[in-house]
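Colleague: Here is my input, please return the structure:
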Amino acid sequence: MKEFLKNQKVTYNLMSFTGYKALILFSLLSDGPKSYSEICEYFLKHPYLREKISIDTLRVYINSLKRIGCEVKRVRGEDKISRYIILSNPFELKLSPEQIQSVTKVYKSIVKQMDILELLAMDNFFERIGRYIKNEKFITDMKKISMLNDIDKNLLKDLLDCCDKKEQIVINYNSPNTGKKDIEIIADKIEISNGKIYLYGIGFEYKQYGSFLLNRINNIKEIKLEKTIPDDLQVIRVIYELNREPDKIALNDNEKIIGQNKNKTVIEVVTSNEFLLRQRLLEYGPSCKIIHPDDFKNKFVELLKDMKAGYYCD
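Modeller: Residues are numbered from 1 along each chain as shown. I've put the predicted structure just below:
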């Protein structure tokens, strides 16, 4: 220890050499099968070891792992190369059927309250912990209930980065009506709505703010160097009243509180997508009342009448 504090260097004198190499080998094989040449290359490039090990020395370290309870085998792949693999180890996390059921139940409950970054972090957590659980049913069940099950996580991370920078991008989108097509948008945010993940942004095709199902986005084809926001972007300003206290309201980025009367709050929203606005106002139910403008209010009333009529028709 005195030597380390003085020089800030790790030397062979400061470690159990055989034990340290056995731990390095355990960590390496835990990531997946490795051939003798791959192990040698790793040890050669290691900052503290920097040397090749013989096949006899490798057997010594493998036997050390076996003595502590690891099941290590050498298997031959389709490429006819032999690789060492750890089939089991005493450090595996074991869950009973009751524990698996409890974890699944808790996950289903909390995932509904997560934003996209929390969901991504949780999915990565279960992916990592799954490496240490020898229970395929648990891993399969967690994948099935994850909202990221059919999402390319690398694409998701790239889109999140585009949203942070508000970049103008071209995505290849599998539209349910027209099939695969390129869509140019200014990326704004990614959110979860009704159990599905959407990319939101200003679309150039219809000159309005829109949403795109993430699992229908194939890839990002281009990231524009300069933004060119459409001059003829359609924008409407709507004022509505909500029977809630301000601290009980989760405002969107395009909303702001402009008034308050007892337990009623007046909100102004500016948007270019009437459909998304209607969906939001419908979620509030009878606690919401549109104040301005009259043409939007009248169309909304007609929508409510049509919905009501649908319940009484044969």
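Colleague: Relative to Ser37, how far out is Asp141?
Modeller: Separation of Asp141 from Ser37 (Cβ to Cβ, to the nearest Å): 38 Å. (Glycine included, C-beta is placed from N, CA and C.)
Colleague: who has more neighbours, those two?
Modeller: Comparing Asp141 with Ser37 by other Cβ atoms under 10 Å, the one with more neighbours is Asp141, at 16 against 11.
Colleague: Mind listing what's buried along the host helix or strand of the more buried one?
Modeller: Here Asp141, judged by DSSP states H and E, is contained in helix 136-145. Across helix 136-145, burial judged by 16 or more other Cβ atoms under 10 Å covers 138-139, 141-142.
Colleague: Dump these to JSON lines, plus pLDDT and distance to Arg131.
Modeller: Below are the buried residues of helix 136-145 laid out as JSON lines (pLDDT from 0 to 100; distance: Cβ to Cβ, whole Å):
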{"residue": "Phe138", "pLDDT": "77", "distance to Arg131": "12"}
{"residue": "Ile139", "pLDDT": "77", "distance to Arg131": "9"}
{"residue": "Asp141", "pLDDT": "78", "distance to Arg131": "16"}
{"residue": "Met142", "pLDDT": "79", "distance to Arg131": "13"}
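Colleague: any chance of the residues you listed in CSV, plus distance to Leu155?
Modeller: Shown next, in CSV, are the buried residues of helix 136-145 (distance: Cβ to Cβ, whole Å):
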residue, distance to Leu155
Phe138, 26
Ile139, 22
Asp141, 24
Met142, 21
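Colleague: how much space between Lys153 and Asp188?
Modeller: When distance is defined by Cβ to Cβ, Lys153 is 20 Å away from Asp188.
Colleague: Name the residue in those two with the higher neighbour count.
Modeller: Neighbour totals were compared for Lys153 and Asp188, and Asp188 leads with 18 against 12 (other Cβ under 10 Å).
Colleague: isn't that one right up against Cys162?
Modeller: No: applying Cβ atoms under 8 Å, one finds Asp188 not in contact with Cys162, separated by 9.5 Å.
Colleague: longest strand anywhere in the protein?
Modeller: strand 179-193 (DSSP state E).
Colleague: That one pairs with which strands?
Modeller: Strand 179-193 has the following strand partners under DSSP bridges: strand 168-175 (antiparallel), strand 196-203 (antiparallel).
Colleague: For the chain, which segments are assigned as strands?
Modeller: With strands called from DSSP E, the chain shows them at 34-35, 71-76, 82-88, 168-175, 179-193, 196-203, 208-213, 217-223, 236-242, 255-261, 264-271, 288-292.
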